[in-house]
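>>> Kindly return the folded structure for what I paste below:
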Amino acid sequence: MTDQPPTQPATPDSAGIWMLVRQHPAVLRRSTQELATALAAAHGPRFALWHTDELLFGVRDGRLTLHTLGGTDLPAPEVVCVRQVAGPMHTDREVTLLRHLERMGSTLINSLDAQLKCRNKIWQLQELALAGLPVPDTLSYATAPLEGVVRSPHLATPCVVKSVNGAKGTRVFLAPDPHLLRDVAGSLTHDTPFLFQQHIAHSHGRTLRVVVVDGEPVEAVLHTSRHHTLAANIANGGAAALCTGHHPRAEQLAVQAAAALGLAIAGVDLLFTSPDTYTVCEVNAVPGWRPEMKAVTPAITACITLAANIANGGAAALC
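All right, here's what the predicted structure looks like:
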């Protein structure tokens with residue numbers, strides 16, 4: 001993409017709409033770059049893109065403060081479009097910055113509470129199950145020894161094993177039987193827990209991604225793995241085919257999942273339990289989208305513009 005959005009506003013106090021992305025030298029995903037360009041075109045000098053390592057925050061004279069590395073004070077923006085993948089966020093780093101912005105009065109899209117729910121796949125499942133939405137049977141743990149977990153009588157195989165905060169299909173595999181599961185237990189990392197999830201055989205190698213914006217299903221795409229592997233993520237070599245409107249029940253379920261997690265913008269991954277029934281695999285608070293999914297960027301831009309208009313009117317809302 002040749003049109004580059006401003007990485008900082010023309011003047012520090014001119015930007016009321018921010019996009020917040022990871023620290024340098026992170027390369028922006030194509031979809032994030034596309035959205036930033038659209039927001040810059042829609043809002044001109046009122047829009048700015050900031051990396052997390054360009055900002056300092058604290059308290060001075062009893063007031064919350066925000067400023068640049070050079071010491072220039074920044075007012076809290078009206079709206080912040082958060083484009084940091086929730087999984088790798090650290091509580092004492094990115095989460096603290098987002099919390100600070102919310103406490104200064106900024107509207108975050110998505111909100112910090114929604115980001116935190118999506119940051120942990122078990123937290124997601126807790127909310128989705130309580131909302132009465134279909135999810136696969138899942139088992140996880142806090143500090144129990146992993147070798148003991150895999151011997152639990154409540155853990156059936158085959159099962160899908162994944163990190164509670166993995167992204168893009170990483171740290172995910174299928175354990176076909178209890179013997180393999182026990183063999184690999186000692187090789188799994190202990191920095192974050194894993195979850196053990198029911199394998200939905202009818203959906204093996206197929207995932208339906210629905211992008212939901214402001215309570216509406218905007219686009220849908222079917223991801224299919226190559227060579228019949230489990231994960232269908234594009235990052236892992238999967239194929240994608242647009243299917244917007246082809247699975248209306250799935251799109252409605254995706255809207256319900258986004259609402260259960262408080263998300264104004266969501267990428268909801270669904271599994272096929274039969275040709276026309278579905279279960280929620282996971283929900284992404286910072287979804288990417290394919291270049292051919294032309295409706296997503298205008299929908300998110302409109303959502304953020306509406307949030308900024310509401311903020312200017314003194315009301316508080318997501319979108």
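
>>> Residue 184 is in contact with residue 147, correct?
No. Look at residue 147 against residue 184 with Cβ atoms under 8 Å: they stay out of range, at 10.6 Å. All C-beta atoms are positioned from the backbone trio N, CA, C, and that covers glycine.

>>> Comparing these two, which residue is more hemmed in?
Set residue 147 next to residue 184 and count neighbours by other Cβ atoms under 10 Å: residue 184 wins out with 14 against 11.

>>> Report the separation between the more buried one and residue 287.
30 Å (Cβ to Cβ, to the nearest Å).

>>> Repeat that for residue 29.
10 Å.

>>> do residue 145 as well
In this view, residue 145 and residue 287 are 35 Å apart by Cβ to Cβ.

>>> Would you mind telling me which of these two has more residues around it?
Between residue 145 and residue 287, counted using other Cβ under 10 Å, residue 287 has the larger neighbour count: 24 against 11.

>>> which ones are touching that one?
31, 209, 211, 265-267 (Cβ atoms under 8 Å, 6 or more residues apart in numbering).

>>> got it, and residue 163?
Contacts of residue 163 (Cβ under 8 Å, 6+ apart): 121, 170-172, 192-195.

>>> Can you go through those residues and name the buried ones?
121, 171-172, 193-195 (16 or more other Cβ atoms under 10 Å).

>>> and these, which of them are in helices?
Counted as lying in helices by DSSP state H, out of the buried ones among the contacts of residue 163, are residue 121.

>>> So which residues of the stretch 201-319 of the chain form strands?
206-213, 216-224, 239-242, 265-274, 277-284 (DSSP state E, counting those that start in this stretch).

>>> okay, those strands in CSV with distance to residue 153 and mean pLDDT next?
Below are the strands of the stretch 201-319 of the chain laid out as CSV (distance: least, Cβ to Cβ, whole Å; pLDDT from 0 to 100):
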stretch, distance to residue 153, mean pLDDT
strand 206-213, 30, 97
strand 216-224, 34, 97
strand 239-242, 39, 94
strand 265-274, 24, 97
strand 277-284, 23, 97
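
>>> can you tell me which of these comes nearest to residue 137?
Smallest distance to residue 137 across those (Cβ to Cβ): 9.9 Å, for strand 277-284.

>>> in that closest one, what counts as buried?
For strand 277-284, by 16+ other Cβ under 10 Å, it's 278-284.

>>> and if you look at stretch 142-152?
146, 149-150.

>>> go on, stretch 40-48?
Neighbour-count burial for stretch 40-48 [16+ other Cβ under 10 Å]: 40, 42-43, 46-48.

>>> In this structure residue 177 contacts residue 159, no?
No. Using Cβ under 8 Å, residue 177 makes no contact with residue 159, being 9.7 Å away.

>>> okay, those two: which has more neighbours?
residue 159 (24 against 11).

>>> Which residues are in contact with the more buried one?
Counted by Cβ under 8 Å, 6+ apart, residue 159 has contacts 174-175, 181, 196-199.

>>> let's see 10 Å
136-139, 150, 173-178, 181, 195-199 (Cβ atoms under 10 Å, 6 or more residues apart in numbering).

>>> and the gap between it and residue 172?
11 Å.

>>> Next: residue 293.
Distance, residue 293 to residue 172, by Cβ to Cβ: 24 Å.

>>> Same question for residue 72.
43 Å.

>>> what does residue 118 give?
17 Å.

>>> that older thread, show me whatever sits in contact with both of residue 159 and residue 172.
residue 197.

>>> Low-confidence regions, the chain specifically.
By pLDDT under 70, the weakly predicted segments of the chain are 1-14, 168-169, 233-236, 314-319.

>>> All the helices of it, residue numbers only.
Along the chain, the segments classed as helices by DSSP H run 30-43, 96-103, 112-119, 121-130, 146-149, 178-185, 248-260, 296-312.
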